[in-house]
Each structure stands twice: as C-alpha cells, then as structure tokens.
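Novice: Structure for this input, please:
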Amino acid sequence: MDERMKRVVRVIKATGFKLDPYDKADWIDALRSGDFPQSRSALYVRLVDQISPVGQADKDGFCCLGVYQALTKGLQVVEHHDDVACFRGIDTRSFSFVSYQVIPVAVQGYLSGMNDDGYSFSDIADVIEAAL
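Specialist: Below is the predicted model:
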C-alpha cells in the first residue's frame, strides 16, 4: 500500500463505519475478479462510440461504488452519460441509487476519489479489506 492508501484506511477506520461482512466479501471478490471493467466519474458508464478513461472502447465501465451497487441492488442502466450520477460535484438529493445510503458519504468520497485518480480495483479492494 502506498501512503495515500494507508491514509485513506486510517481516515475510513476513524469514521467507525463497518460494512456488512458478507457484502464486504462479495464486493472485494468482485473488484478483484476482473469481471467489471473500470471507468471513472460515474457509477456506471455505457460506452457507446467513445473511448473509456481506461482505454476500453467497446465495454461498459464501473466506478468501484458502481460495482457495489450492481452487487447489492442492481443498476439502472442509462444510455446518456449526463443521466449517470457522478460523484464529483453531485447533488446528493438527486441520488437515485438506494444502496448508497448504506455507505456514509465521506467513505464514498474517499473510495470514489481513489477510483477517479486512477487506483486499480485491486488497490481499492485492499483499502476496503483493511478499513471496512
């Protein structure tokens, strides 16, 4: 773990939040599985005639929190990027993804920040494993 990951683990632990152990294990397994292509800035992006931030032009992409959402509640798939809830600058009153109410906003912010700054799903899984 690099210094930022260690700092995020400490900060998340300080919130006192603990995820359900079964949800946690499923989420970590899914992030490490390679079954979910990674994208940035949105729970889920349907890539249509565009290049993904991770270079996968023909695949859908998920934020780390989108993977959790897909596992716990399923995603409402939309075709237009503007209709996808983004984590930076989001008006949380418009959040239509119910399971995110389970994870505190501060924890969401740290994890989505790592995702959007280019940390791999494997790195994020390490943080979730250590902190939640």
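
Novice: Would you tell me what the next helix or strand after the worst-scoring helix or strand of the chain on mean pLDDT is?
Specialist: Within the chain, no helix or strand scores below strand 44-45, which has a mean of 67 by mean pLDDT, DSSP states H and E. As assigned by DSSP states H and E, the chain's next helix or strand after strand 44-45 is strand 61-62.

Novice: Take whatever helix or strand comes next after that next one, keep the C-alpha atoms, and write them as PDB.
Specialist: As assigned by DSSP H and E, the chain's next helix or strand after strand 61-62 is helix 64-72. Extracted in PDB, the C-alpha atoms of helix 64-72 (Å, rounded to 0.1, in the frame of the first residue of the first chain):
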ATOM      1  CA  CYS A  64     -15.800   1.000  -7.600                       C
ATOM      2  CA  LEU A  65     -19.000   2.100  -6.000                       C
ATOM      3  CA  GLY A  66     -20.900   1.100  -9.100                       C
ATOM      4  CA  VAL A  67     -19.700  -2.400  -8.600                       C
ATOM      5  CA  TYR A  68     -21.100  -2.400  -5.100                       C
ATOM      6  CA  GLN A  69     -24.400  -1.100  -6.400                       C
ATOM      7  CA  ALA A  70     -24.500  -3.700  -9.100                       C
ATOM      8  CA  LEU A  71     -24.000  -6.500  -6.500                       C
ATOM      9  CA  THR A  72     -26.400  -5.200  -3.900                       C
END
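
Novice: so where do the helices sit in the protein?
Specialist: Taking DSSP state H as the criterion, the chain contains helices spanning 3-15, 21-33, 64-72, 105-116, 121-131.
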